[in-house]
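Q: model the structure of this input:
(2 chains)
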Amino acid sequence: MKRFGTVNLTALALGLAFLYLPIAILIIYSFNDSRLVTVWAGASLRWYRELLRDEAMLDAASV
Amino acid sequence: MQNTQQRDLVTRIAILMPYLWLIALFLVPFLIVLKISFSQTTIAQPPYTPVLDLSEGWEGMKQFFAALSTENYATLVSDSLYLWSYLKSLQVAAISTVILLLTAYPVAYALARAPRRWQGVLVLSVVLPFWTSFLIRVYAWINILQHDGLLNQALIALRIVDAPVTWLATDTAVYIGIVYSYFPFMVLPLFAALEKMDNALLEAAADLGAPPWRAFFQITVPLSLPGIAAGTLLCFIPIVGEFVIPDLLGSSSTAMIGQTLWLEFFGNRDWPVASALAVVLLAILVPPILIYRQRETRQYSPSSFRGAPEARARNP
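A: Numbers count the residues shown, from 1 in each chain, chains lettered A, B, ... in the order given. Just a heads-up that it's a prediction; the model follows:
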């Protein structure tokens, strides 16, 4: 009988957290209203709007 | 017997394809780099001389070989910067690999012990970050490690430190970045080795009176040794040549061989010295690979045809 155990669960949780936290932080801060990357100024789609207007970025993504 | 011959031929052709691919895309470029490492810098296009011109005929070839020199290798030896770069790279790679081994082993072990239903999803979730842009994830770390970034904010909020700590442009940031980027490379080989392990062996150990920690060190770790070796090599060798992570997260004093090579190539436009650096780097990295290959083939030699664990028991 394989028991999974709390040690294994903790190891797995910490490992996955380590892998996904930077990505999650990146996604959350992409909704940041502020131009300064580290100061949270409220949620907004401002940067996504700017991305859709940026010709160079869209070209790079499509080719 | 016709069929056996046909099968042999098909097998040979099947092996020939990757062989040719490797020759064209690995060996030939390496020979080009080797040749450039024997050339001198010049202000021309390409920025090295001599250039092999087959239309010159035999005389041209003789002139070509006469103009090659080992001057660049003498340069490498004369300036201690290069020696320090190599040593620094080996140091960073060794420490990173050890950290990777210690942090990835529990995760791989947990994955191996996970219920079969979940194993697929969990392994995929370890690999998934790899499908996103590597550069973007390193940038995410720049964001976190900044002076007023999230890590410092968290540390101050938890009252672990009083003032922001400098993380960027330090060796620590480079280690964090490298461990983060190479994590799946260490987890997957370890998982593959641990998953093959027969749990009955651990039960037998328990029956014989071994405490869990002892069973772990005397049974689990030795049996996962192929995974450890594979993961170690898979991480150590690329990390020695790493450029992007030390460049973004470290400083010019981190000076790993990748950064030095980049500076020589793009900063000094000195292709020959950069090529010499690359050739020496390869020379440093090849012996561990050869040793590893030798040990691997020894396991599968005729005297140990019954498989790896028994062979290791007989040939410690």
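Q: so where's the chain shaky on pLDDT?
A: By default, I'm working from chain A. Within chain A, the ranges that satisfy pLDDT under 70 run A:1-3, A:37-38, A:63.
Q: think we crossed wires, I meant chain B
A: Checking chain B against pLDDT under 70 turns up B:1-2, B:53-56, B:299-316.
Q: what helices or strands is the biggest helix by length in it leaning on?
A: If each helix of chain B is counted by residues according to DSSP state H, the longest one is helix B:80-113. For helix B:80-113, the contact count by 3 or more Cβ pairs under 8 Å, 6 or more residues apart in numbering or on different chains; DSSP states H and E identifies helix A:5-29, helix B:116-127, helix B:171-195, helix B:225-240, helix B:257-262, helix B:271-299 as packing neighbours. From N, CA and C alone the C-beta is placed, and that goes for glycine too.
Q: please parse the chain into its domains.
A: Since you didn't name a chain, this refers to chain A. Domain segmentation of chain A under automatic domain parsing yields A:1-28, A:31-63.
Q: other chain: chain B
A: Following automatic domain parsing, one gets these domains for chain B: B:27-69, B:74-314.
Q: returning to what we had before: a markdown table for the domains of chain A, including distance to chain B and mean neighbour count?
A: Conversion of the domains of chain A to a markdown table gives the following (distance: least, Cβ to the nearest Cβ, whole Å; neighbours: other Cβ atoms under 10 Å in any protein chain shown):
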| stretch | distance to chain B | mean neighbour count |
| --- | --- | --- |
| domain A:1-28 | 4 | 14 |
| domain A:31-63 | 5 | 11 |
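Q: of all the helices and strands packed on helix B:80-113, which one is nearest B:V77?
A: helix B:271-299 (9.7 Å; Cβ to Cβ).
Q: can you tell if stretch B:142-159 touches chain A?
A: Yes: Stretch B:142-159 lies in contact with chain A when judged by Cβ under 8 Å from any Cβ of the partner chain; the contacting residues are B:N143, B:I144, B:Q146, B:D148, B:G149, B:L150, B:Q153.
Q: who wins on neighbours among those residues?
A: Neighbours here are counted as other Cβ atoms under 10 Å in any protein chain shown. On that basis the top member of the residues of stretch B:142-159 next to chain A is B:I144, with 23 neighbours.
Q: does that residue belong to a helix, a strand or coil?
A: Under the three-state scheme (DSSP: H, G, I helix; E, B strand; the rest coil), B:I144 adopts helix.
Q: highest average neighbour count across the domains of chain B?
A: Per-stretch averages of neighbours, counted by mean count of other Cβ atoms under 10 Å in any protein chain shown, single out domain B:74-314 among the domains of chain B, with a mean of 17.
Q: close to chain A: what parts of the stretch 101-250 of chain B are there?
A: Near chain A, the residues belonging to the stretch 101-250 of chain B are B:103-104, B:106-107, B:109-111, B:113-115, B:122, B:125-126, B:129, B:132, B:136-137, B:139-141, B:143-144, B:146, B:148-150, B:153, B:180, B:183, B:187, B:199 when assessed by Cβ under 8 Å from any Cβ.
Q: B:A104 and B:A193 touch, don't they?
A: No: with contact taken as Cβ atoms under 8 Å, B:A104 and B:A193 are classed as non-touching, separated by 11.9 Å.
Q: list the contacts of residue 40.
A: No chain specified, so I'll use chain A. By Cβ atoms under 8 Å, 6 or more residues apart in numbering or on different chains, the residues touching A:W40 are A:Y29, A:N32, A:S34.
Q: ah, I was thinking of chain B
A: B:Q40 neighbours (Cβ under 8 Å, 6+ apart): B:Y48, B:T49, B:A67, B:S69, B:E71, B:P272.
Q: next up, phi/psi of it, please.
A: Main-chain dihedrals, B:Q40, degrees, to the nearest 10: phi -110, psi 150.
Q: residues contacting B:E203?
A: If a contact means Cβ under 8 Å, 6+ apart, then B:E203 has no contacts.
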